[in-house]
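Undergrad: have a look at this fold, sequence not included:
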């Protein structure tokens with residue numbers, strides 16, 4: 001696949017809307033688009049999938065390493081890959097948008113807010129282009145999409161001010177119906193607040209799909225020796241994976257890897273499902289705080305509590321950790337009983353409690369890591385966890401916050417709950433299957 005990266009001058013500049021318009025424009029030009037997201041996000045990819053009709057690939061150098069990042073790119077399917085960046089182009093010491101573009105040797109299309117400027121839009125783009133040299137980064141800022149730009153004189157002013165070497169690639173007009181509502185943890189999901197197809201079609205007409213295709217490049221193929229995917233055999237194990245409104249934050253690559261190693265059985269705790277017959281349970285992150293009553297009444301959550309006490313291996317990440325706790329108290333002060341597996345009570349807050357790439361070192365053998373080994377992941381949560389005084393933890397936090405006092409991985413029985421989300425390229429899910 002040829003590809004390019006849609007980067008931004010800052011967070012909130014409109015990268016997601018611009019990316020969706022680009023995807024639609026390329027599809028209207030007869031191309032099959034593979035969307036991707038730089039960084040550890042779960043939410044923007046849900047909008048990608050809604051428009052492109054295929055899961056968005058996660059590309060994060062911290063989570064995957066450069067070899068894993070390249071593998072995930074080449075697992076995509078399509079004619080052209082559109083990679084949405086994270087934050088501003090150069091922001092982030094673990095895996096910035098610039099780092100992803102550099103690792104894949106893809107050009108960057110810069111989204112610049114043009115609401116109150118014309119020549120200044122060009123000056124901003126030139127600054128981002130030249131900063132690559134200043135920072136000794138091999139980043140090719142090749143073109144500009146003007147966000148919140150009107151047509152006519154406004155558009156011409158932006159286009160004509162761009163110097164040679166910076167292509168004008170279209171605009172996104174200022175429209176109220178292009179706003180995606182947000183809440184804690186980010187935008188509403190693509191299934192909850194999708195952009196209207198007709199509106200997206202109108203914006204796509206203002207995107208220069210032909211020039212984007214001309215700019216797109218093919219990354220170098222991964223070295224089959226250096227970038228080999230760690231191979232493990234298929235087992236006869238059955239892994240139950242929670243997939244519903246409360247448990248939405250799961251990388252497509254995680255399900256792919258679990259299916260390569262075991263039989264995956266999805267179930268919906270908030271819909272009244274029972275826990276399937278299985279050898280292990282995975283509870284991904286999500287929004288349990290928005291579904292506390294349904295989880296408190298869920299047969300599957302009660303059954304997980306009983307099965308965990310009987311020794312069934314259970315892995316919960318962030319939202320999964322919250323559901324495995326004794327109780328969950330909402331930001332409004334309402335407390336609901338959860339599975340009661342992990343000796344802790346969780347409380348929601350109005351502000352986020354942690355946001356960072358994370359590195360963990362295993363204190364002892366756990367479901368996802370051998371003693372002394374390290375895992376990389378990320379954390380982003382609005383809750384805090386009050387663990388029991390005698391609670392046991394599997395990991396020391398080398399980077400990040402974790403659950404409590406530099407520790408993460410609350411353990412009880414054969415259950416592990418972390419605030420840290422990991423990617424399958426970390427080997428964590430292979431370790432989980434191997435432990436069943």
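TA: Happy to help now that I have it. Please read these numbers as outputs of a predicted model, since none were measured by experiment. Residues are numbered from 1 along each chain as shown.
Undergrad: who touches the one helix or strand residue 396 maps to?
TA: Residue 396 belongs to strand 392-399 when assigned by DSSP states H and E. Applying C-beta atoms under 8 Å, 6 or more residues apart in numbering, the contact partners of strand 392-399 are 356-364, 366, 369, 374-375, 402-404, 406-412, 416, 418, 420. (Glycine included, C-beta is placed from N, CA and C.)
Undergrad: and those, which of them are buried?
TA: Neighbour-count burial (16 or more other C-beta atoms under 10 Å) applied to the contacts of strand 392-399 gives 356-363, 366, 369, 375, 402-404, 407-412, 416, 418, 420.
Undergrad: for the chain, give me the ranges with low pLDDT.
TA: For the chain, the stretches with pLDDT under 70 are 183-185, 193, 223-231.
Undergrad: out of all residues in it, which is the farthest from the middle?
TA: Computed with C-alpha atoms, centre = their mean, the residue of the chain farthest from its C-alpha average is residue 153, at 38.1 Å.
Undergrad: now the phi/psi pair for that residue, please.
TA: Backbone torsions for residue 153, taken as degrees, to the nearest 10, come to phi -60, psi -40.
Undergrad: and the strands in the stretch 301-436 of the chain?
TA: Shown for the stretch 301-436 of the chain, the strands assigned by DSSP state E, counting those that start in this stretch span residues 314-317, 327-329, 335-337, 344-348, 354-362, 374-381, 383-387, 392-399, 407-412, 415-418, 421-422.
Undergrad: let me fix that, I meant to ask about the stretch 151-300 of the chain.
TA: 167-172, 182-183, 186-187, 238-242, 263-267, 280-283.
Undergrad: most packed of these?
TA: Neighbour counts (mean count of other C-beta atoms under 10 Å) averaged over each of the strands of the stretch 151-300 of the chain peak at strand 280-283, with a mean of 26.
Undergrad: sheet partners, orientation included, of it?
TA: Pairing partners of strand 280-283, with direction, according to DSSP bridges: strand 238-242 (parallel), strand 314-317 (parallel).
Undergrad: for residue 388, find the nearest of those strands.
TA: Closest approach to residue 388 among these (C-beta to C-beta): strand 314-317, 16.7 Å.
Undergrad: which residues are in contact with that closest one?
TA: For strand 314-317, using C-beta under 8 Å, 6+ apart, the contacting residues are 249, 280-285, 304, 307-308, 322-324, 341-342, 367-368, 414-422, 432.
Undergrad: kindly recompute the last result at 6 Å.
TA: 281-285, 308, 324, 367, 415-418, 421, 432 (C-beta atoms under 6 Å, 6 or more residues apart in numbering).
Undergrad: and what of stretch 5-12?
TA: Under C-beta under 6 Å, 6+ apart, the answer for stretch 5-12 is 15, 18-19, 83-85, 87-89, 97, 101, 106, 108-112.
Undergrad: and it, how far apart are its ends?
TA: Criterion C-alpha to C-alpha, to the nearest Å; first-to-last residue distance in stretch 5-12 is 17 Å.
Undergrad: next one: the residue farthest from the centre of the chain relative to residue 159, how far apart?
TA: 11 Å (C-beta to C-beta, to the nearest Å).
Undergrad: the domain parsing of the protein - what is it?
TA: What automatic domain parsing lists as the domains of the chain is 2-215, 238-435.
Undergrad: the longest one: how far from the chain's middle?
TA: What that stands for is domain 2-215. Computed by C-alpha atoms, centre = their mean, to the nearest Å, the chain-centroid distance of domain 2-215 equals 15 Å.
Undergrad: all good on my end, thank you.
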